[in-house]
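[1] sequence and predicted structure are below.
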Amino acid sequence: MAAEVTDGSCGFCSASAAVYTCPRCHRRLCSLRCYRAHGPCAEAFYRDQVLEALRAQRDSPPRGPAPPGLRELREPGDPVRPVGRGLWEQLSEAERDGFRQLLSSGEAAALLPQWRPWWWRGRGPVEELGGGSGVEEEDEEGGEGRPGPAPPVPASVPPLSALRAAAPSPLVRFQLPNALFGYAFSLSLHGGDETLLPELPAAAIAASAALRARRPFGSTAEALLSARRDARTAGLPLSPLGDSGALLAVAQLLEGRDSRDPGADVAAALWHLWRLLKAGARALPFPERSRFRAARRKVGFLLSWSRGAPEELAQLAREARAVHAEVAAEEAAVAEIREGLEKVWGGPRPPPREGQEDRVPWLVRDGVEEGFGGPRPPPADKGVQGRRLIQELD
């Protein structure tokens, strides 16, 4: 805010001595009180300045490391921490535990900008290769979090007969939803950032047994629930799409957005996954690339199979929708129960019972007794325990 002596009156209270000027609307103000009352205008000005600086920083070429003096700046009262260490090493153990809990619970996704996958239903028809494009529909929420451009559909896919002479097993159809779950889960987990290599394709392999090995599935439900379980077993955080959202993503990919070519979205997703696996393998040492190559071969096989089985895709889409509906209903029931309990508790956790803080939990680990909060209480008389056991059995 610029200050200058002037004879003009205040634009807010009409006082005669208006020595300040709003940087946005240039209205003259006489005091801090009038400035604060006029604050939203000035705040909008500074917000625009900050956004403009961020855009300039994003568009400018990367510079060298910051001078040592800037790297060592900290707020007054902050604890002195070693310089030159990573951010993770600078966190306390309690801060690390809190961050791990945010990741495992999926709450960290709420802190990130909203990301929507390219197959989101808010978009119009699939863009045709060769010049034609469909008209995009307005997004349901006013254009915020619009999905990015869809990956291209491969121009030519070799038929399945060119890859193998024998007819495939009828169970091969259930490999596709399992692989698509790995693709949708990993892409949403990393916010669609394809530069995160090899982490992004590695997450797809971890969540999909079909991409890791020859794992047969007997149904679409088994294939999808197995992928969801594998993602948890691998220690991966909850997808920003939500537990049931990844299942919905598989159904949407199988349904497709273009009625003229319902399998176009499946082909685009598999071709995209194939390229991500190839790029991820390049980011690994040569001996560690084998699992990425094996997964890429499996994706190529599913791509050829899917382009020749449109009826199978429609059936898989219906089955995936049913699995999503069941899981979403379970989530809604659990959320309703949790909400009711939190209202009774007055918070996310139950209040401690009377005398609960005086209890002493004990743990026996590797034959060694470990106590928390005080000495172990004396053991009860074995004869009394025996009599009680006999009475319970009777």
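    Thanks, I have the structure now. None of the values given here were measured: they were computed from a predicted structure. Numbers count the residues shown, from 1 in each chain.
[2] can you give me the strands for this protein?
    2-3, 20-21, 28-29, 362-365, 368-371 (DSSP state E).
[3] pick out the shakiest of those, pLDDT-wise.
    The stretch with the lowest mean pLDDT among the strands of the chain is strand 2-3, at a mean of 40.
[4] which one's the longest helix in the chain?
    helix 310-345 (DSSP state H).
[5] and that one, average pLDDT?
    In this model, helix 310-345 has a mean pLDDT of 91.
[6] what does stretch 162-182 give?
    Per-residue scores along stretch 162-182 average to 85.
[7] tell me, how many residues neighbour residue 225?
    Neighbour count of residue 225, defined by other Cβ atoms under 10 Å: 18. Where C-beta positions appear, they are placed from N, C-alpha and C, glycine not excepted.
[8] again, but for the one 5 residues further on
    Residue 230 is flanked by 21 other residues according to other Cβ under 10 Å.
[9] neighbours around the residue nearest to it when sequence neighbours are not counted, how many?
    Distances taken as Cβ to Cβ, 6 or more residues apart in numbering place residue 207 nearest to residue 230, at 5.3 Å, with adjacent residues excluded. Residues lying near residue 207 (other Cβ under 10 Å) number 30.
[10] ok now do residue 207, which residues does it touch?
    Applying Cβ atoms under 8 Å, 6 or more residues apart in numbering, we find residue 207 in contact with 181-182, 185-186, 227-228, 230-231, 234, 236.
[11] can I get these in TSV with distance to residue 25?
    Below are the contacts of residue 207 laid out as TSV (distance: Cβ to Cβ, whole Å):
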residue	distance to residue 25
181	53
182	54
185	49
186	48
227	56
228	54
230	58
231	52
234	55
236	50
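[12] next step: those restricted to helices.
    181-182, 185-186, 227-228, 230-231.
[13] which residues does residue 11 contact?
    Contacts of residue 11 (Cβ under 8 Å, 6+ apart): 18, 22, 27-29, 38.
[14] residue 16 and residue 9 touch, don't they?
    Yes - counting by Cβ atoms under 8 Å, residue 9 is a contact partner of residue 16 at 5.6 Å.
[15] which neighbours do these two share?
    Common neighbours of residue 16 and residue 9 (Cβ under 8 Å, 6+ apart) are residue 30.
[16] which one's more surrounded, these two?
    residue 9 (14 against 9).
[17] residue 181 contacts residue 253, correct?
    No - the criterion here is Cβ under 8 Å, and residue 181 misses it with residue 253 at 9.6 Å.
[18] what residues does residue 249 make contact with?
    By Cβ under 8 Å, 6+ apart, residue 249 lies in contact with 117, 119, 180-181, 184, 188, 241.
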